[in-house]
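Asker: predicted model follows, preceded by the sequence.
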Amino acid sequence: MVAANTIHRRGAAIALGLLCEVASPVVAQTSPPSAPPFETLVEVRINAVARAEEFSLLVVARPLEGAVQAQERCVVPAGATSCTARLATMASVLSVELRSAGFWSSSAAVAAGSTTTILDAWPTSTYRGEVAIRGGASAAAADQVTVRFRAAPGIERPVSEGAVSCPVTGRKWSCEIPAGRLDVSVRLRGHATRHWLGQVLTAGGVLDAGRVEFLPGASVCGSVLIEGKAPARSAPTRLYLQAGEDRGKEQPLFAGLAASANDRGFFQFEGIPPGSYVLTAQRDGFVAHRQPCGSSRIVKPY
């Protein structure tokens, strides 16, 4: 908040038989000079084929916690795939990001006045679907899902891992996420997260996930690696989830579940009661591996 300077004026002085107005000299009070703004250069690199026409992108900067302090459009010339924005702010540490329809970028924390910051931008695709609750329960109360994404393995210039919040209207959601081949997950609070691997999203296109059923409860998911490196692809890997030894009294009895890893080594147990568990992975020719999902990592609904 900027406080305005106030000039004070003394009132009239009255003497018996004589009225005279005495005014003190008016002295304008000035604020001390403010510190010069920090200047930050942001280079936006577009991970897409160059366009035949010129266009612009909006780059914004704000403190790590606070409203936008500065914004500027950087112009991408015809045939180019980058542009530079010059932002002047009063904050010394900033979060810089892109806010332009049809493009997505992760935010970058930078020190104002530092050397040029690179902001990678990707064209977006529309990702949409419809919320349903497994078991027939009403999905009318669902007002938002969180879509998380990361590049699928083997991408030469992978998109940064990120997430967007998508409002749900009439059980349907629609939001913009980066185009490319992505591993995508959709979260609905209080329900097991749904996962899709290797989804292909085209720039400017639409990928409809259709009717997505969510199971109330928590989930345990992950990937199986062979000797900590390669995904378990060829021979099947079986996984078993059992209640942990430090199970609390409030945790219900749990008979255990079994699942198999897919060709990417991915596995998931859905709709399990919140609590402490032990996960076991077994594969022919390998020593079984046990891992707690225990007291330090209590499994609970999102």
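Answerer: Yes, it's here.
Asker: what's the neighbour count on the closest residue to residue 158 other than its chain neighbours?
Answerer: Closest residue to residue 158 apart from its sequence neighbours, by C-beta to C-beta, 6 or more residues apart in numbering: residue 151 at 3.2 Å. Any C-beta I mention is one placed from the backbone N, CA and C, and that applies to glycine too. Burial of residue 151 is recorded as 17 neighbouring residues (other C-beta atoms under 10 Å).
Asker: for residue 151, list each beta-bridge partner.
Answerer: residue 182 (DSSP bridges).
Asker: pretty sure it sits against residue 177.
Answerer: No: between residue 151 and residue 177 there is no contact under C-beta atoms under 8 Å: 11.7 Å.
Asker: please enumerate the strands of the stretch 101-250 of the chain.
Answerer: 103-104, 108-111, 117-133, 144-151, 162-169, 172-178, 180-187, 194-201, 206-214, 218-223, 225-226, 230-231, 238-243 (DSSP state E, counting those that start in this stretch).
Asker: what sits up against the first one?
Answerer: Residues from elsewhere that reach strand 103-104 (C-beta atoms under 8 Å, 6 or more residues apart in numbering): 46, 57, 98, 121, 122, 123, 124, 162, 176, 177, 178.
Asker: got a list of what the first one touches?
Answerer: Going back to what we said before, that points to residue 46. Per C-beta under 8 Å, 6+ apart, neighbours of residue 46: 76, 81, 82, 103, 121, 122, 123.
Asker: top of those by neighbour count?
Answerer: residue 121 (26 neighbours).
Asker: surely residue 201 touches residue 122?
Answerer: No: the pair residue 201 / residue 122 is not scored as a contact, 10.0 Å apart, by C-beta under 8 Å.
Asker: that older thread, weakest of the strands of the stretch 101-250 of the chain in terms of mean pLDDT?
Answerer: Ranked on mean pLDDT, the bottom entry among these is strand 230-231, at a mean of 62.
Asker: once you drop chain neighbours, what's closest to the residue nearest the centre of the chain?
Answerer: Nearest to the mean C-alpha position of the chain, by C-alpha atoms, centre = their mean, lies residue 163 at 3.4 Å. Using C-beta to C-beta, 6+ apart and skipping the chain neighbours, the partner closest in space to residue 163 is residue 148 (4.4 Å).
Asker: first-to-last residue distance for stretch 272-279?
Answerer: 13 Å (C-alpha to C-alpha, to the nearest Å).
Asker: please identify the most buried of the strands of the stretch 101-250 of the chain.
Answerer: strand 103-104 (a mean of 22; mean count of other C-beta atoms under 10 Å).
Asker: contacting residues for the residue nearest to residue 163?
Answerer: With the criterion set at C-beta under 8 Å, 6+ apart, residue 148 makes contact with 161, 162, 163, 184, 185, 186, 187.
Asker: what of residue 212?
Answerer: 129, 130, 131, 132, 186, 194.
Asker: does it have any beta-bridge partners, and if so which?
Answerer: So, taking DSSP bridges as the rule, residue 212 has residue 131 as bridge partners.
Asker: can you give me the distance of it to residue 142?
Answerer: Distance, residue 212 to residue 142, by C-beta to C-beta, to the nearest Å: 11 Å.
Asker: now list whatever residues contact both of the two.
Answerer: residue 131.
Asker: pop the domain breakdown of the chain in here.
Answerer: 38-115, 124-214, 218-297 (automatic domain parsing).
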